[in-house]
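Chemist: Sharing a model prediction with you, sequence too.
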Amino acid sequence: MISQVLKTSIMSIGLGFLAQIFQSSLNTEYLNKFLEQNLITILIALLAINSATLGIVLTKIRDLVEKYGNASCFNNIKNHMVLSVKEQICLIIVSIIFLTLLSSNKISCFSDLKLLLDSITVGIFAYSLFVLYDTAKSVLIIIDFEIETDG
C-alpha cells in the first residue's frame, strides 16, 4: 500500500509541475488562483462523495457476504477503503499547510519555492482525483462481481 501511495504522490506532483509549465507558457495563473480559493472546499466535497460511495459499496459487499459467505475475501477491499479516507484527510491537512505557506508574504520573494508550492498544490488536487477514480472503479468492480455470480 505504501508503494502505491508513493507512486500516486510522485505522479500527482509531476502532473502539478506540468500544469505549472503549461500555465507559465500561457502566461496565466488561473489554476493556481482557482485552487487557492477552492481547494479545501473541493477536497471536503470529494471526501463526502467518497464516504457516501464507500457506504453504498459496503452495503453491497455485506449483501454479497450474507448471500455467499466468505467475508474474508473482502478484507483487502476494506483496507483500501480505509486507506482512501486516510489519504483524503491527509490531503486536506497538507493543503491547509501549503495554502497557508503560499499566502505568506515571506514566500513571495522566493520564486522557485513558490513554483514548488504551486506544483504541490495542483498535485494535491490531482491526487484527490486519483482517489475519486479509485472509488468509482470499486463500484464497477462490485457491479461486475454481482453479474459474474448471477450468470
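Modeler: It's in.

Chemist: V57: what's it in contact with?
Modeler: By Cβ atoms under 8 Å, 6 or more residues apart in numbering, V57 lies in contact with M81, S138, V139, I142. For the C-beta atoms, the positions are set from N, CA and C on the backbone; glycine is no exception.

Chemist: Which one of those is nearest to G69?
Modeler: G69 lies nearest to I142 out of the contacts of V57, by Cβ to Cβ, at 16.6 Å.

Chemist: Number of residues surrounding that closest one?
Modeler: Other residues near I142 come to 20 when the count uses other Cβ atoms under 10 Å.

Chemist: Is it in contact with K60, as I believe?
Modeler: Yes - distance between I142 and K60: 4.9 Å, which falls inside the contact criterion (Cβ atoms under 8 Å).

Chemist: From the contacts of V57, list the buried ones, please.
Modeler: The neighbour-count test (16 or more other Cβ atoms under 10 Å) marks M81, S138, I142 as buried among the contacts of V57.

Chemist: where does the chain dip in pLDDT?
Modeler: Low-confidence segments of the chain (pLDDT under 70): 146-151.

Chemist: mind redoing it with 80?
Modeler: Applying pLDDT under 80 to the chain picks out residues 1, 68-75, 108-109, 111, 142-151.

Chemist: Helices of that one, start to end?
Modeler: Counting by DSSP state H, one finds helices in the chain at the ranges 2-26, 30-68, 75-103, 111-150.

Chemist: List the buried residues of the longest one.
Modeler: Which is helix 111-150. Of the residues in helix 111-150, those with enough neighbours to count as buried (16+ other Cβ under 10 Å) are 114, 116-128, 130-132, 134-135, 138, 142, 145.

Chemist: Kindly report the same for the third one.
Modeler: Going by neighbour count (16+ other Cβ under 10 Å), the buried part of helix 75-103 is 77, 81, 83-84, 87-88, 91-92, 94-95, 98-99, 102.
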